[in-house]
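no sequence on this one, just coordinates:
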Ligand code: GLU
């Protein structure tokens with residue numbers, strides 16, 4: 001517990017005032033951006049102990065600098081649908097922080113995308129990427145385009161149009177996008193193809209999540225879901241618990257959820273529920289992952305069709321009810337704010353022992369405080385889902401070397417990375433006097449590296 005004793009009440013008071021003052025600026029500069037303000041609030045609150053202990057970060061006004069994106073672009077994405085009609089969407093890219101490496105973060109294609117969503121994701125990405133231990137800054141992008149119901153050709157035309165504007169802002173040493181909700185292997189292929197045509201060269205490291213045949217990394221597809229389970233495994237073991245023999249509920253059925261299900265099963269758990277944006281399925285015998293993969297990855301179908309193949313399972317319309325399914329471990333892997341205060345209380349009442357965030361910001365601030373004020377083990381997204389972007393950084397390394405590692409090599413590196421993230425997060429909780437609070441630990445550990453780099457680089 002080095003130095004914690006030396007922090008006086010007046011240091012804490014000054015730190016709190018500083019944080020409140022910068023948060024007021026955030027509210028004033030970003031009105032009506034609820035998600036962005038939510039993400040900011042959570043991080044700011046966590047940093048009070050850092051400012052109390054190290055006033056130099058206040059002297060350098062790091063908080064006001066770090067919360068302002070280095071830049072953000074918004075652009076028109078016109079495309080032709082299959083009827084030959086012109087459609088218009090809005091594209092975004094936020095280049096949030098490049099203190100420790102090129103901007104790095106996914107692209108999200110979903111109707112809910114707006115400036116607030118992109119900024120919250122980009123802001124979180126700074127800390128997550130720092131925590132991953134890899135040399136990558138924070139960025140994020142996307143569009144309010146809805147991939148649901150679009151043909152392959154429409155998807156391709158949209159991606160080509162999106163990249164026709166985005167290309168001028170990115171580069172393997174500048175800004176490296178990847179996938180997120182609505183952007184998977186197919187979209188990355190179309191985006192990269194267009195980038196390559198425009199620049200007239202083969203710059204594989206400009207985007208990650210590429211197919212294995214053209215510069216992708218083994219284990220990248222599995223990385224976020226596997227990484228989440230590796231992180232949770234560390235946390236559980238540290239508290240005398242384990243996946244083996246547990247019942248697990250995992251929301252979502254996209255890339256993160258599917259590979260979290262796979263790894264949780266490999267470690268001996270029974271995964272009994274998963275969902276999509278229409279509803280959720282409960283299979284008391286354990287979810288059949290081949291069916292989910294077939295429906296979601298191959299067929300782009302709805303999860304309700306699971307019960308046609310497995311009639312003993314149950315389908316429930318609407319997603320929030322999934323948290324009323326009793327379980328030992330809950331892994332929210334769908335989207336932001338999917339666990340509110342009531343859902344958190346229901347999970348607790350049903351005896352959940354651990355909650356690990358696979359999605360970005362899936363728990364509301366109220367839900368997080370329910371978890372932190374209970375005995376449940378809570379793993380925040382920035383730490384627990386950093387495996388995806390970490391393996392993206394390994395993909396960048398392999399692209400630079402023009403040499404590729406085996407699945408086992410990348411998987412082993414991913415395990416080590418998740419272990420280190422867990423360790424560094426726990427160490428920060430102890431050093432700053434908040435044992436067990438990984439929200440504070442992850443935010444502090446992620447922040448320090450970026451803040452220190454910003455200080456030595458001058459007023460940037
Ligand atoms: N979208 C993922 C995330 O939220 C991955 C980003 C990446 O690989 O760049 O971290």
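Right, received. Where do you want to start? Please read these numbers as outputs of a predicted model, since none were measured by experiment.

could I get the full set of helices for the stretch 1-150 of the chain?
Taking DSSP state H, counting those that start in this stretch, the helices of the stretch 1-150 of the chain run over residues 9-29, 34-53, 56-59, 62-66, 115-131.

other SSEs contacting the fourth one?
In terms of contacts (3 or more C-beta pairs under 8 Å, 6 or more residues apart in numbering; DSSP states H and E), helix 62-66 is packed against helix 9-29, helix 34-53, helix 438-456. C-beta here means a position set from N, CA and C on the backbone, and glycine is covered the same way.

related to what we said a few turns ago, closest one to residue 265 among the helices of the stretch 1-150 of the chain?
helix 115-131 (25.7 Å; C-beta to C-beta).

contacting residues around stretch 22-31?
Here stretch 22-31 makes contact (C-beta atoms under 8 Å, 6 or more residues apart in numbering) with 36-37, 40-41, 44, 63-64, 67-68, 116, 119.

redo the helices and strands packed on helix 62-66 as JSON lines? Include mean pLDDT and mean neighbour count.
Formatted as JSON lines, the helices and strands packed on helix 62-66 follow (pLDDT from 0 to 100; neighbours: other C-beta atoms under 10 Å):
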{"stretch": "helix 9-29", "mean pLDDT": "97", "mean neighbour count": "15"}
{"stretch": "helix 34-53", "mean pLDDT": "98", "mean neighbour count": "21"}
{"stretch": "helix 438-456", "mean pLDDT": "98", "mean neighbour count": "22"}
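
make CSV out of these and add distance to the ligand.
What follows is the helices and strands packed on helix 62-66, written out as CSV (distance: least, C-beta to the nearest ligand atom, whole Å):
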stretch, distance to the ligand
helix 9-29, 22
helix 34-53, 13
helix 438-456, 13
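
how about the contacts made by the residue of the stretch 101-250 of the chain found nearest the ligand?
Going by C-beta to the nearest ligand atom, the ligand is nearest to residue 106 of the stretch 101-250 of the chain, at 2.8 Å. Contacts of residue 106 were listed using C-beta under 8 Å, 6+ apart, and they are 121, 140-142, 177-180, 183, 209, 389.

if you set the cut-off to 10 Å instead, what comes out?
121, 125, 139-142, 177-183, 188, 208-209, 224, 360, 388-389, 392 (C-beta atoms under 10 Å, 6 or more residues apart in numbering).

go on, residue 141?
Residue 141 touches 72-73, 91-95, 103, 105-109, 113, 118, 121-122, 162, 166, 169-170, 175, 177-178, 180, 183, counting by C-beta under 10 Å, 6+ apart.

which residue, other than its chain neighbours, is closest to it?
In space, and not counting its chain neighbours, residue 141 is closest to residue 93: 3.7 Å by C-beta to C-beta, 6 or more residues apart in numbering.

picking that back up, could I get the helices and strands packed on helix 62-66 as JSON lines with distance to residue 413?
Putting those into JSON lines (distance: least, C-beta to C-beta, whole Å) gives the following:
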{"stretch": "helix 9-29", "distance to residue 413": "36"}
{"stretch": "helix 34-53", "distance to residue 413": "27"}
{"stretch": "helix 438-456", "distance to residue 413": "19"}
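
any weak-confidence spans in the stretch 301-450 of the chain?
Residues of the stretch 301-450 of the chain meeting the criterion pLDDT under 70: none.

can you list the residues of it near the ligand?
Residues of the stretch 301-450 of the chain found near the ligand (C-beta under 6 Å from any ligand atom) are 360, 388-389, 392.

go with 8 Å
Within the stretch 301-450 of the chain, the positions near the ligand by C-beta under 8 Å from any ligand atom are 360, 385-386, 388-389, 391-393.

circling back to that earlier point, what's across from the residue of the stretch 101-250 of the chain closest to the ligand in the sheet?
Counting by DSSP bridges, residue 106 is bridged to residue 178.

confidence score at it?
Residue 106 is assigned 98 on the pLDDT scale.

the residue nearest to residue 141 and residue 73 touch, don't they?
Yes: the pair formed by residue 93 and residue 73 meets the contact definition of C-beta atoms under 10 Å, at 5.1 Å.

between the two, which has more neighbouring residues?
residue 93 (28 against 14; other C-beta atoms under 10 Å).

residues near the closest residue to residue 379 other than its chain neighbours, how many?
Computed as C-beta to C-beta, 6+ apart, the closest residue to residue 379 that is not its neighbour in sequence is residue 356, at 4.0 Å. Using other C-beta under 10 Å, residue 356 has 29 other residues around it.

kindly report the same for the one 4 residues further on.
Around residue 360 sit 24 other residues, with neighbours defined as other C-beta under 10 Å.

state the helix or strand in which it lies.
If you go by DSSP states H and E, residue 360 is not part of any helix or strand.

pretty sure it sits against residue 142.
No: using C-beta under 10 Å, residue 360 makes no contact with residue 142, being 12.0 Å away.

now list whatever residues contact both of residue 93 and residue 73.
By C-beta under 10 Å, 6+ apart, residue 93 and residue 73 have these common neighbours: 141, 165-166, 169.

most neighbours among these, which one?
Ranking the shared contacts of residue 93 and residue 73 using other C-beta under 10 Å puts residue 141 first, with 30 neighbours.

would you pull up how far the helix or strand in which residue 429 is found lies from the middle of the chain?
Secondary structure assignment for residue 429, by DSSP H and E: helix 407-431. Taking C-alpha atoms, centre = their mean, to the nearest Å, the mean C-alpha location of helix 407-431 is offset from the chain mean by 16 Å.

neighbours of the closest residue in space to residue 280 that isn't next to it in sequence, how many?
Leaving aside its chain neighbours, residue 280 sits nearest to residue 322 (4.2 Å; criterion: C-beta to C-beta, 6+ apart). Per other C-beta under 10 Å, the neighbour tally for residue 322 reads 26.

contacting residues around residue 322?
249-252, 273-275, 279-282, 316, 330, 332, 334, 338-339, 343 are the contacts of residue 322 under C-beta under 10 Å, 6+ apart.

what do you get if the cut-off is 7 Å, keeping everything else the same?
By C-beta atoms under 7 Å, 6 or more residues apart in numbering, the contact set of residue 322 is 249, 251, 273, 275, 280.

let me know the secondary structure of it.
Secondary structure, DSSP: H, G, I helix; E, B strand; the rest coil: residue 322 is helix.

for residue 249, see how far away it is.
As judged by C-beta to C-beta, to the nearest Å, residue 322 and residue 249 stand 6 Å apart.

where does the stretch 151-300 of the chain dip in pLDDT?
Filtered on pLDDT under 70, the stretch 151-300 of the chain yields no residues whatsoever.

can you map out the helices along it?
152-166, 185-199, 220-238, 255-266, 289-293.

so how far is the first one from its chain's centroid?
Between the mean C-alpha point of helix 152-166 and the mean C-alpha point of its chain there is a distance of 24 Å (C-alpha atoms, centre = their mean).
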